[in-house]
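S.K.: Could you look at this predicted model? Sequence included:
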Amino acid sequence: MNKQVQLNKIKEDFILSQKVLSAIGDETRQSILLVLMGTDCETGMRVGEITNQTHLSRPAVSHHLKILREAGIILMRKEGTKNFYYINVRTELGLLKTLVGDIEKFMDDFYR
């Protein structure tokens, strides 16, 4: 694959990854993700539990959870009136793996 084709592929990877990069680039959302990673994926956590562990306000947690959900990084499960949030194991974070892999290949091919 020539240099320009690889650069175009990396550009496409960046475009596809923008929502995920934006979502995980925020320190507050990173702390929420770390809290969610510490729980059972099938059980998940409620907003109040996340609030207690992150020391953020309930509205702040809800706002950041919405962004993480829209980026496909977390999912929500309803049980009656209760919402449980958990990491999406088939997450859009895989886009980042592709992006990094393509950048590594480009660097290997043209700079070594």
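M.R.: Done, it's in.
S.K.: buried set for the biggest helix by length in the chain?
M.R.: The longest helix of the chain (DSSP state H) is helix 3-24. By 16 or more other C-beta atoms under 10 Å, the buried positions in helix 3-24 come out as 6, 9-10, 13, 17, 19-20, 23-24. Every residue, glycine included, has its C-beta placed from N, CA and C.
S.K.: Now render these as CSV, adding pLDDT and distance to Met76.
M.R.: Listed next are those as CSV, based on pLDDT from 0 to 100; distance: C-beta to C-beta, whole Å:
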residue, pLDDT, distance to Met76
Gln6, 93, 38
Lys9, 95, 33
Ile10, 95, 32
Asp13, 95, 27
Ser17, 93, 22
Lys19, 93, 17
Val20, 92, 17
Ala23, 95, 15
Ile24, 94, 18
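S.K.: among those, which two are most distant?
M.R.: Across the buried residues of helix 3-24, the longest distance by C-beta to C-beta is 26.2 Å; it joins Gln6 and Ala23.
S.K.: which helices and strands sit right next to the helix or strand hosting Asn52?
M.R.: When secondary structure is defined by DSSP states H and E, Asn52 falls within helix 47-54. Secondary structure elements in contact with helix 47-54, counted by 3 or more C-beta pairs under 8 Å, 6 or more residues apart in numbering; DSSP states H and E, are helix 27-37, helix 58-70, strand 82-87.
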